[in-house]
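Colleague: Sharing a sequence plus its predicted fold:
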Amino acid sequence: MPRSLVGGDLAGPEMAQPYMKKDDDDEEAVEYSPFFGIEKGAVLQEARAFHDPQLDARRCSQVITKLLYLLNQGETFTKVEATEVFFAVTKLFQSSDAGLRRLVYLMIKELSPSSDEVIIVTSSLMKDMNSKTDMYRANAIRVLCRIIDGTLLTQIERYLKQAIVDKNPAVASAALVSGIHLAQANPEIVKRWSNEVQESVQSRAPLVQFHGLALLHQIRQNDRLAVSKLVSSLTRGSVRSPLAQCLLIRYTSQVLRESSMNSQNGDRPFFDFLESSLRHKSEMVILEAARKITEMDVTSRELAPAITVLQLSLSSSKPVLRFAAVRTLNKVAMTRPLAVTNCNVDLESLMSDTNRSIATLAITTLLKTGNESSVDRLMKQITNFMSDIADEFKIVVVEAIRSLCLKFPLKYRSMLNFLSNSLREEGGFEYKKAIVDSIVTLISEIPDAKEIGLLYLCEFIEDCEFTYLSSQILHFLGNEGPRTSDPSRYIRYIYNRVILENATVRASAVSTLAKFAALVDTLRPRIFVLLRRCLFDTEDEVRDRATLYLQTLGGEVAIGNSEKDAKDFLFGSFDVPLANLEASLRTYEPSEEPFDISLVSREIRSLPLQEKKPGKKAPAAAAAPAPVSAVDAYQKMLSSIPEFSGFGRLFKSSEPVELTEAETEYAVNVVKHIYGNYVVFQYNCTNTIEEQLLENVTVCVDASDAEEFSEVCSKPLASLPYNSTGQIFVAFEKPEHVPAIGKFLNLLKFTVKEVDTSTGEADDDGVEDEYQLEDFDIVAADYMLRVPVSNFRNAWENMDPDSERVDEYGLGVRESLAEAVSAVINILGMQPCEGTEVVPRNARSHTCLLSGVFIGDVKVLVRLSFGLSGPSEVAMKLAVRSDDPEVSDKIHEIVASG
């Protein structure tokens, strides 16, 4: 609430008394709300006091305060109620009471009257805007600019321009702030105030200068040169207001980011201003300058002064300065931990700070900057600290501990012990999930931590109250437990879940037991005994799972040709995207031929085939088609064409490649359909000329630059009327399951017939014509399906190690590590896994995991390790595993030639 609503004579005893109930025997003073128990209906009845001939300013002020309280508490007024209150409030302009007048201004702004109601109050506000009382003028400007539209703004523009240069700071600030709001809806009008706003920036009043600079930047924000000139002129020392100085620092850093200047050539005209701001007398300016410098890509020498300033603020007596400094250092520690190590002594003193937010940030910063020798000491200090903070802060600490453990893997015992103790403490779901995720990550990344980490997780699920976490841990236990030195130790914990938990967890436990039975032959007989007990469970899902596992693992039902096929069927990663499977099942027509899951596309597709209509755009609100409908549509369409029916199963269809520019006479794109030993090009052609009919439309393809391809047949288009799309097909033969590449030149040939647009009839005679299309290539990525795997590490370990091929490559000079990663992914055409395609900022090394299916239905996994070997030189280590060692060799050949 504004100060005027609760201060002064508005909170007097007469108003508060009806809502107070205080026991005189109470020794402790208790605060009571003067608004306790008020109701909208009663307040609206009290609002009738606004109509009294003799206005009681005190009573009217109390009623308006109650109305504003109701509005700020989310109470809604109907249209009729709001209109009645608005007209009643306008009558209060008769009163000369200054306090009541300020409340009237607030009430009008809160009610936001409609355009037809604004006229009622406009004259009164314009009168106040030219009043001799400065407070009236400032408030009237704010209210008037809040409720008027563009047509009325032009009428009062002259008064607003005068107010901007007014001698009274309150009036000038009110006009400038109003301009900032008006610039969003009426930018052209506000731009005309540039001279007056420029003058206000030179004002001696701090707030006027602050608001003036903000409005001037908003006027020029779309003109980079104008912003640069503004910053250049103001950095010479004409800004005195600390608030305006903070704004100028932000604008300066923005100009530095957007400019092409870099630190190598030393030409940084604005950086000296930022550095000089570190010596400003105002603390907020110093902190803002330090924060902006740390966010920039600067050298260690340029960063050092900002770190020093922040270090001094850590020992300040003001909590807000300590918080701002430690939060900034925390962000710096994420990318440049070495720069913050000098502050560690000061940060350790903040671990006992009474402000828990400051203490949490100090600890997480220390965890990022600490060295291996200080880990144990930090763990002891954090243990005493954790019980005093909320879950949201605990999660931050847990994530920092996980990062530290990955940095110093030899210290995994103390950190896992800390995380295990934290699991036993009270906490919500998100907190416990963060701990479990951290333990899982440490087990996955640090092999020595596997057994102790799994035991900690087993102990946790004994008392876990969250079904999701129990199921997650059981799944992870099934993947990792059988590969430990003594898998039998985990069986007791798993079977306890079958006895004691709900149906969801029981089903997960049955699946986990089955994984142990499948992977550990010595445990299989005893696990079968436990699974047979599950056949009498009360839940269908649990019984069905137990039956499935017993019959398949016991050999009662044959799956495939070997035991490995049965294990892959039960526990292998499902490489068919569920959306693709669903779409294929929906289009399947029941017949004597059973549904064949091998025909379902494994590729994740973004958009299906769409006809290109000239001059029309798909409505934005239209729902996108199912992302896999194109795969089935292509398969069905091509198999229905006699020339292509004998080509076999379609392996992959590419996204459409445009062969013409936008807005040309004919729009053509091509889709590349890849078979085992054939390639079919589907040319989608659209006629955009209303006066023409195209007949006998063909595409002549020159494959002289693609030596391994030979044309076998083509299917021309008989007729192509205006505004319609048709398909032309050209098929080529290639060596079977070989990633043949090459360039294809294309020429569109057709017969043109003139069309009478009034009747729609075409001439009998036509003229042969041709149209040159763009070239396109068949590349290695066209032979790879982007198929993800749910667990890359498990999939990698399950691949035959003998198929692994490893080599190192120099990628030359690259703009960044991220650009190198993206280039290799595009060359291979594979699916990034687990978000590894994202390269952290300022990283000097990165690992990227890729998966896919190569032509011939060969599963391929790739592990890429990138590193910067020089200022911009990128080196890469490529490790490939696949179902076929020859394909692993081909992947290396593709990268070497790419």
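Modeller: It's in.

Colleague: Only C-alpha atoms from now on, for both contacts and neighbour counts.
Modeller: Will do.

Colleague: average pLDDT across stretch 147-164?
Modeller: The average of the pLDDT scores along stretch 147-164 is 81.

Colleague: Now that stretch: buried residues?
Modeller: Buried residues in stretch 147-164, defined by neighbour count with 16 or more other C-alpha atoms under 10 Å: 147-148, 153, 160-161, 163-164.

Colleague: what comes up buried for stretch 37-45?
Modeller: Using 16+ other C-alpha under 10 Å as the test for burial, stretch 37-45 gives 43-44.

Colleague: residues making contact with that stretch?
Modeller: 19, 63, 66-67, 70, 85 (C-alpha atoms under 8 Å, 6 or more residues apart in numbering).

Colleague: Identify all contacting residues around stretch 278-294.
Modeller: With contact meaning C-alpha under 8 Å, 6+ apart, stretch 278-294 is reached by 242-243, 245-246, 249-250, 253, 274-275, 277, 303, 305-307, 309-310, 324-325, 328, 332.

Colleague: Repeat that for stretch 637-648.
Modeller: 675-678, 713.

Colleague: now do stretch 52-65
Modeller: Stretch 52-65 has contacts (C-alpha under 8 Å, 6+ apart) with 5, 10, 15, 43, 46-47, 49-50, 92, 95, 97, 99-100, 103-104, 107.

Colleague: and if we set it to 7 Å?
Modeller: Stretch 52-65 is contacted from outside by 5, 10, 43, 46-47, 49-50, 97, 100, 103, using C-alpha atoms under 7 Å, 6 or more residues apart in numbering.

Colleague: List just the nearest of those to Gly481.
Modeller: Distance to Gly481, by C-alpha to C-alpha, is smallest for Leu5 among these, at 65.4 Å.

Colleague: all helices of the stretch 101-250 of the chain, in order?
Modeller: Secondary structure of the stretch 101-250 of the chain by DSSP state H, counting those that start in this stretch: the helices cover 115-129, 134-147, 150-164, 169-185, 187-191, 194-201, 206-220, 224-234, 242-258.

Colleague: Including distance to Leu477, could the ones you listed go into a markdown table?
Modeller: As requested, those are exported to a markdown table (distance: least, C-alpha to C-alpha, whole Å):
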| stretch | distance to Leu477 |
| --- | --- |
| helix 115-129 | 66 |
| helix 134-147 | 62 |
| helix 150-164 | 66 |
| helix 169-185 | 56 |
| helix 187-191 | 61 |
| helix 194-201 | 66 |
| helix 206-220 | 57 |
| helix 224-234 | 57 |
| helix 242-258 | 48 |
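
Colleague: ranking these by mean pLDDT, which is last?
Modeller: Among the helices of the stretch 101-250 of the chain, helix 115-129 has the lowest mean pLDDT, at a mean of 76.

Colleague: who does it touch, helix- and strand-wise?
Modeller: With contacts defined as 3 or more C-alpha pairs under 7 Å, 6 or more residues apart in numbering; DSSP states H and E, helix 115-129 has these neighbours: helix 134-147.

Colleague: go again using 10 Å as the cut-off
Modeller: Under the contact criterion of 3 or more C-alpha pairs under 10 Å, 6 or more residues apart in numbering; DSSP states H and E, helix 115-129 touches helix 79-90, helix 98-111, helix 134-147, helix 150-164.

Colleague: most packed of those?
Modeller: helix 134-147 (a mean of 22; mean count of other C-alpha atoms under 10 Å).

Colleague: where does this structure dip in pLDDT?
Modeller: Low-confidence segments of the chain (pLDDT under 70): 1-32, 115-116, 260-269, 556-567, 569, 572-575, 601-632, 870-871.

Colleague: how's it carved up into domains?
Modeller: 632-778, 783-897 (the TED database).

Colleague: mind putting those in a markdown table, mean neighbour count and distance to Val498 included?
Modeller: As requested, these are exported to a markdown table (neighbours: other C-alpha atoms under 10 Å; distance: least, C-alpha to C-alpha, whole Å):
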| stretch | mean neighbour count | distance to Val498 |
| --- | --- | --- |
| domain 632-778 | 17 | 42 |
| domain 783-897 | 18 | 25 |
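
Colleague: between those, which gets nearest to Pro206?
Modeller: For the domains of the chain, proximity to Pro206 was assessed by C-alpha to C-alpha; domain 783-897 is nearest, at 38.1 Å.

Colleague: first vs last residue of the closest one, how far apart are they?
Modeller: 15 Å (C-alpha to C-alpha, to the nearest Å).

Colleague: just the helices in the stretch 701-850 of the chain please.
Modeller: Going by DSSP H, counting those that start in this stretch, the stretch 701-850 of the chain shows helices at 792-798, 817-828.

Colleague: so how far is the last one off the chain centroid?
Modeller: The reference is to helix 817-828. Offset of helix 817-828 from its chain centre (C-alpha atoms, centre = their mean, to the nearest Å): 21 Å.

Colleague: got it, and stretch 648-659?
Modeller: Relative to its parent chain, stretch 648-659 has a centroid offset of 30 Å by C-alpha atoms, centre = their mean.

Colleague: Output that stretch as PDB - backbone C-alpha positions only.
Modeller: Taking Å, rounded to 0.1, in the frame of the first residue of the first chain, the C-alpha atoms of stretch 648-659 are listed here in PDB:
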ATOM      1  CA  GLY A 648      11.600 -52.800 -50.400                       C
ATOM      2  CA  ARG A 649      11.200 -51.000 -47.100                       C
ATOM      3  CA  LEU A 650      11.700 -47.300 -47.000                       C
ATOM      4  CA  PHE A 651      14.600 -46.500 -44.700                       C
ATOM      5  CA  LYS A 652      14.400 -42.700 -44.400                       C
ATOM      6  CA  SER A 653      12.800 -39.600 -45.900                       C
ATOM      7  CA  SER A 654      14.500 -36.300 -45.600                       C
ATOM      8  CA  GLU A 655      13.000 -32.900 -44.800                       C
ATOM      9  CA  PRO A 656      12.000 -30.900 -48.000                       C
ATOM     10  CA  VAL A 657      15.000 -29.100 -49.600                       C
ATOM     11  CA  GLU A 658      14.000 -25.900 -51.400                       C
ATOM     12  CA  LEU A 659      15.200 -25.700 -55.000                       C
END
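
Colleague: ok, back up a step: return a ChimeraX selection command for the buried portion of the contacts of stretch 37-45.
Modeller: In ChimeraX, this line selects whichever of these come out buried by 16+ other C-alpha under 10 Å:
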select :63,66,67,70,85
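
Colleague: Turn the contacts of stretch 37-45 into JSON lines, including distance to Leu410.
Modeller: Listed next are the contacts of stretch 37-45 as JSON lines, based on distance: C-alpha to C-alpha, whole Å:
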{"residue": "Tyr19", "distance to Leu410": "64"}
{"residue": "Val63", "distance to Leu410": "69"}
{"residue": "Lys66", "distance to Leu410": "64"}
{"residue": "Leu67", "distance to Leu410": "64"}
{"residue": "Leu70", "distance to Leu410": "60"}
{"residue": "Val85", "distance to Leu410": "71"}
